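Chemist: Here is a sequence with its predicted model. Questions after.
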Amino acid sequence: MDKLLWDEEAYATGFDTIDQQHKKLFEFINELGDNIETEQAQEEIEAYLAFLNDYIKNHFGQEENCMAANHCPFAQKNCDAHNKFIRAYENFTDRFRSGDGSMDLAVELHTMLRNWTVHHICRIDSHMRECYTDWTFADAAS
């Protein structure tokens, strides 16, 4: 599978903490893709869902606070996109808990994550750099 590669011009937000979290998500998606290719993803679905749960809890709130603190006009669109992602995540989790731990579920999760991440960061998150002021991330997150 093609790897997701970080492109500073396309994906950078101007906030190092947010960019580092995004890069970690890229690594996660690439690892999931590698495990699909080697047919090991099925055994790791629970761990993948746990990673995403932590990512949702930590990253989404920090990013939303940062956008709000910097008066980014994309803040509401970002919250809406996060809520849509959470619903998709919950659907995958429900399917897994109901016994669907298949390779197909892993492939669907990878496809959804890959598409959502690239489009979300390029179309919404990257606009944070236009709103960057003298705030540091620590100031914005508090």
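Modeler: Structure received.

Chemist: Only C-alpha atoms from now on, for both contacts and neighbour counts.
Modeler: Will do.

Chemist: Just give me the neighbour total for L109.
Modeler: 20 (other C-alpha atoms under 10 Å).

Chemist: any idea how far F26 lies from D19?
Modeler: 10 Å (C-alpha to C-alpha, to the nearest Å).

Chemist: One more: D7?
Modeler: 11 Å.

Chemist: out of the two, which sits in the busier spot?
Modeler: Neighbours per residue (other C-alpha under 10 Å) separate D7 from D19, with D19 holding more: 19 against 9.

Chemist: So that one: helix, strand or coil?
Modeler: Here D19 is helix, with the state taken from DSSP: H, G, I helix; E, B strand; the rest coil.

Chemist: ok, now R95?
Modeler: Assignment for R95 (three-state DSSP): helix.

Chemist: In contact with it, which residues?
Modeler: Neighbour list for R95: G101 [criterion: C-alpha atoms under 8 Å, 6 or more residues apart in numbering].

Chemist: separation between it and Y48?
Modeler: Look at R95 and Y48: by C-alpha to C-alpha, they are 14 Å apart.

Chemist: Next one: E39 relative to E31, how far apart?
Modeler: From E39 to E31 the distance is 12 Å (C-alpha to C-alpha).

Chemist: Neighbour count for these two, which is higher?
Modeler: Per other C-alpha under 10 Å, whichever of E39 and E31 has more neighbours is E31, with 16 against 12.

Chemist: Mind checking the pLDDT average for the helix or strand harbouring the more buried one?
Modeler: Using DSSP states H and E, E31 sits in helix 16-37. For helix 16-37, the mean pLDDT works out to 94.
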